[in-house]
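1. after the sequence you'll find the predicted model.
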Amino acid sequence: MDNERFLSDQLLRYPVTPSPFGLSHQIPGALESIIDSTERMIRRLEAPQDFPVFDMHRFECMEPEQQVRQVDYEERNRVLDWISPVEYEIHFDNISESKCPGTCDWLLGHRQYREWIESPSSRLLHMRGPSGCGKSVLTTAVVEQLKNETERPIEGLAYFFCKCEDQYRREALPVLRSLVRQLASSRDNPSAFRKSILVKRERASLRSWQLRRLNFLSQGKAADTDCKLTVPECREQLIESINLYGITYIILDGLDEVDPDQLHVLLGELGKVMSQTLDGNFKLFLSGGSTENTGIDAAGLSVAIRPIDTRGDIEKFLAAEVDHFQELHEEFPINTIKENIVNRIVESCDGIFLCADIHMSQLLWKDFPSLAWAEEKLKTLPKGLEATYAQLWKEAEEHGPHLAQKMKHALMWVMFAPHPMKTKDILAAVRLDVDNRQIKLLDVVGRDSLLQFLRNLLKTDSYDRLIFYHRSTREFFMDHPDFTKGRSEISQICFLSLLKTFDPYSGGRLAFHSQNPFNPTHQFSRHLQTCWPFYAQTLTRDDAAFQSLKEFIGPSDSCSPCFKRWYSKVFPDRTRMAGIRSLEIQNLNGASIAVPQFTASPIFAIVYFSLHELFSEYLEDFGYRIWARNIADEKLITVAAKVGCLPICEALVGKGIPVRKLSTEEFSCSALANAAYYGRLDVVKYLVKRAAEEVSNLPEFAMGGEQGDIRRAPEEEIAAKKELYNALEAAVRGGHVNVMRCLVEEGKADAKDHPSHGSLLATAAERGNPDVVKYLVEEAKMDLNVPPQAWLFNCPLVIAIRDSNMGLLRYLVEDVKTDVNILYESGLYGNPLGVAASSGNREIVKYLVEVGKADIDLLDRDGVEGNALSSAAGRGHLEVVKYLVEKGADVNLQFGSEDRPRKNALRKAALLEELDVVKYLVEEAGADLYLLLLQGDRADNTYSEPYRGEVLQYIQEYVRSRDSPMST
């Protein structure tokens, strides 16, 4: 398309180097202006003109049907997948299938549950109970009942089942995005999306398009840069949905499966949603976790699952299982001992549904020998879940040492791998064993055999990945004495395997399709190639695998041949393979990071992958190399700060490496700024403290005066202050309020004195993070009414209007009383109302006029745009024009300057051929046609402006119809 070619051509004229700190630190001012103007052009040419806004529950200005837009089936799927790709329905179906008919009724009739359902107020219900008591199945019963609810209207329903094995089911942001996806449209009209979510996607697509081109120009490849909803944006979307659709239920199961830090974020956001939505609209159901770690509403309702509650459901389940087995095996009269089976299992499981399920599975399996065997088995049933797991592992070990070793390795790989592995990869992994630091390949074990021997301990999920049977299974083996050194054992297998795979003398000679695990193209080998830093980061010098890691990395002065071959495998030559993405490396927290370019020495690889034990081992041997820089001109301490490795930062500082950047270095080389951008709070605290010590240790000199005023070099103090400001801006761009607070409170970075005061607030608004904006305004005391210093979109109020971010706009206008009549020195629109009018957003215009008390006829400074009416008229936004006229806008108000002709709203509409606006202004609003025909109002009256097409024809016909003397 033409505008894409235009922007691409402009980008090619200005080479750029991507930085995490935003365009202002990496692109010339001309290019920044080009991107901004082009973004406005794209929005004007392509984006729908009925820009959506959030539901304004503080004042009634929109009907519900005005806030949604119909989309076709394909567009609907694209929008939904952009919001969240998590297949929440499959997760629900998988759990729901295990529900026995006639069970869970006790919960649906529970007094606390009925009170939660029937309460006219927004309420929280927390269901808690011991691990394995059946909370997930009970939660599916709640979802099913709400889906089939007929007595009361339920406009919104969203649910999510968390799982610790899946990164996208144990973190807060993917959960929130899935909830937003489910509430993006109403249940009765799934094709009618809320307009605000559609605009979010359109702007994200534009932003992704820009970033992909910047990345391609600088790195030679178009990386997959997709802008997704952030946590604050998810919160705003949920608030809008709940206020728009009426009563909404959100059901969350598996809180104890979520990472503790992520659980704090998740519940905190849901608490904010509950506090900011209309009372009675929001019902929240939480399952799992303890009372202490929910912490949303101390007065919330609670259901504690007791053994007496689940006993009836367990009896029904066991009876159904016996009947099902009898149908399949008529030769065994199992019904004759049915009562005995039910009673003995109920007694031994102590109300734990999972325990009953395991006992029944162990008893009635496909190789059921006889009734006598079953009766004998019932006499020795272990009591409780932990005793049951212990017996299962004891029985597995009885299959012989060789098979037991493979089963142990299978459990260890499932337990310690950074993410669930495919079953076929686990089958390859269990073939590898270590004997006297030598890797050996064992015989093949069959899939069915392994799953049979480890039944009720491991299972496969819907993606054929091998996972633990239950979260409690993982917890049991994590504490088991046979697995205390499990992580070290599989790490040893990992590095010995890599040494063999990339051995320059014997490795790499296997056929491409070979199923040998040492084949570098084998899927299990690829797992080791991309995840070895994960296994390495927890190793200590006492681990046997530590020596194998050193052998793989190489000595302190040069990378090993194996490491070099691995590196060439995962980091293709970009000059020849520019379109191929490099493999991604798994770090300790499970996040994927792209492989950077390394120098000949392994020092940067060791720092980049946070191998602090190995770094400490090599520190004395590194010598001068600790002062080295990589090809991006980054120091070691900058890299260590970026990846958040505090021990390496401390070790480098201990060797005399300064934490402050040199005055000649770029902003992106600052260790403090990198740590701030990536939210490494512990590193930021350390660097702030050390930087202050470095400044205090600078030499002092006399400044004159009777007493000899002693001060440090002013340029050094200015440089230290500037670095703190840069770090603060990086923290704003990263959206880390805790880091910002640390820099302000501990680093004494006064945000009010920031040299880019306006752009700092604008950056926070641009990122759509209201928490950052609130911190800067309320705690850092920044002035929102400072005019932008460079270009128009350096103003947070304008950004909120441009992005239709009503949550932020309400905060700026109502809570902190931002001046809505501020005049801008630069830009196309002159004032906030002009921005809203030019975008055609009637509802924001209405909000600024009625709530913000904006001056309708406020003129811009330079006489280009005039007032809000002329801005809307010149862009053909008829509804906005009508509203402004109804509110008393002067339709004949003229504007201009000494070197420009006088104009008004009618003349702008006519010049830009907005015929409908011209007709309305002339025929209904009473605009003076004489001002349209006036040749200009210079002193010599010689300036003229041509009208064309239908507008010219309308003017001529209108004049003739009025028999005006002007027609001559």
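-> Right, received. Where do you want to start? Residues are numbered from 1 along each chain as shown.

2. CA atoms of the strand or helix carrying residue 686 as PDB?
-> Using DSSP states H and E, residue 686 maps to helix 681-696. Taking Å, rounded to 0.1, in the frame of the first residue of the first chain, the C-alpha atoms of helix 681-696 are listed here in PDB:
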ATOM      1  CA  LEU A 681      14.800  -4.200  41.200                       C
ATOM      2  CA  ASP A 682      17.500  -5.900  43.300                       C
ATOM      3  CA  VAL A 683      20.200  -4.900  40.700                       C
ATOM      4  CA  VAL A 684      18.900  -1.400  40.500                       C
ATOM      5  CA  LYS A 685      19.100  -1.000  44.300                       C
ATOM      6  CA  TYR A 686      22.600  -2.200  44.300                       C
ATOM      7  CA  LEU A 687      23.700   0.000  41.400                       C
ATOM      8  CA  VAL A 688      22.100   3.100  42.900                       C
ATOM      9  CA  LYS A 689      24.000   2.500  46.100                       C
ATOM     10  CA  ARG A 690      27.300   1.900  44.400                       C
ATOM     11  CA  ALA A 691      26.900   4.900  42.100                       C
ATOM     12  CA  ALA A 692      26.300   7.100  45.100                       C
ATOM     13  CA  GLU A 693      29.500   5.800  46.700                       C
ATOM     14  CA  GLU A 694      31.500   6.400  43.500                       C
ATOM     15  CA  VAL A 695      30.300  10.000  43.400                       C
ATOM     16  CA  SER A 696      31.100  10.500  47.100                       C
END
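
3. what average pLDDT does stretch 233-247 get?
-> When pLDDT is averaged along stretch 233-247, the result is 87.

4. next, count neighbours for the closest residue to residue 772 other than its chain neighbours.
-> Leaving out its chain neighbours, the residue that sits closest to residue 772 by Cβ to Cβ, 6 or more residues apart in numbering is residue 764, at 4.1 Å. (Each C-beta comes from the backbone N, C-alpha and C, glycine too.) Using other Cβ atoms under 10 Å, residue 764 has 28 neighbouring residues.

5. and the helix or strand containing residue 764, what does it pack onto?
-> Taking DSSP H and E as the definition, residue 764 sits inside helix 757-766. Applying 3 or more Cβ pairs under 8 Å, 6 or more residues apart in numbering; DSSP states H and E, one finds that helix 757-766 makes contact with helix 714-734, helix 770-774, helix 796-802.

6. tilt between it and helix 714-734?
-> 20 degrees (axes from the mean of the first three to the mean of the last three Cα atoms, to 10 degrees).

7. still on that earlier bit, can you check the pLDDT for the residue nearest to residue 772?
-> The model's pLDDT for residue 764 equals 84.

8. highest mean neighbour count out of the helices and strands packed on helix 757-766?
-> Counting by mean count of other Cβ atoms under 10 Å, helix 796-802 has the highest mean neighbour count of the helices and strands packed on helix 757-766, with a mean of 27.

9. and that helix, how far from the chain's centre?
-> Relative to the mean C-alpha coordinate of its chain, helix 796-802 is positioned 23 Å out (Cα atoms, centre = their mean, to the nearest Å).

10. how about residues contacting it?
-> 761-762, 764-766, 773, 784, 788, 792-793, 805-806, 808-809, 812-813, 818, 820, 822, 824, 827, 829, 832, 835-836, 839, 841, 844, 848 (Cβ atoms under 8 Å, 6 or more residues apart in numbering).

11. try stretch 448-462
-> Outside stretch 448-462, the residues touching it (Cβ under 8 Å, 6+ apart) are 90, 94, 165, 358, 361-362, 365, 389, 392-393, 396, 399, 403, 406-407, 410-411, 414, 420, 423, 426-427, 430, 466-469, 473.

12. now, these that are in helices?
-> Using DSSP state H, the subset of the contacts of stretch 448-462 located in helices is 90, 94, 358, 361-362, 389, 392-393, 396, 403, 406-407, 410-411, 414, 423, 426-427, 473.

13. quick check on these: which are buried?
-> 358, 362, 389, 392-393, 396, 403, 406-407, 410-411, 414, 423, 426-427, 473 (16 or more other Cβ atoms under 10 Å).

14. give me every residue that touches the closest residue to residue 553 other than its chain neighbours.
-> Computed as Cβ to Cβ, 6+ apart, the closest residue to residue 553 that is not its neighbour in sequence is residue 602, at 4.9 Å. The contact partners of residue 602, by Cβ under 8 Å, 6+ apart, come to 553, 554, 555, 556, 558, 559, 560, 563.

15. burial count for the third one?
-> Pointing back at residue 555 there. 13.

16. how about the contacts made by it?
-> 602, 621.
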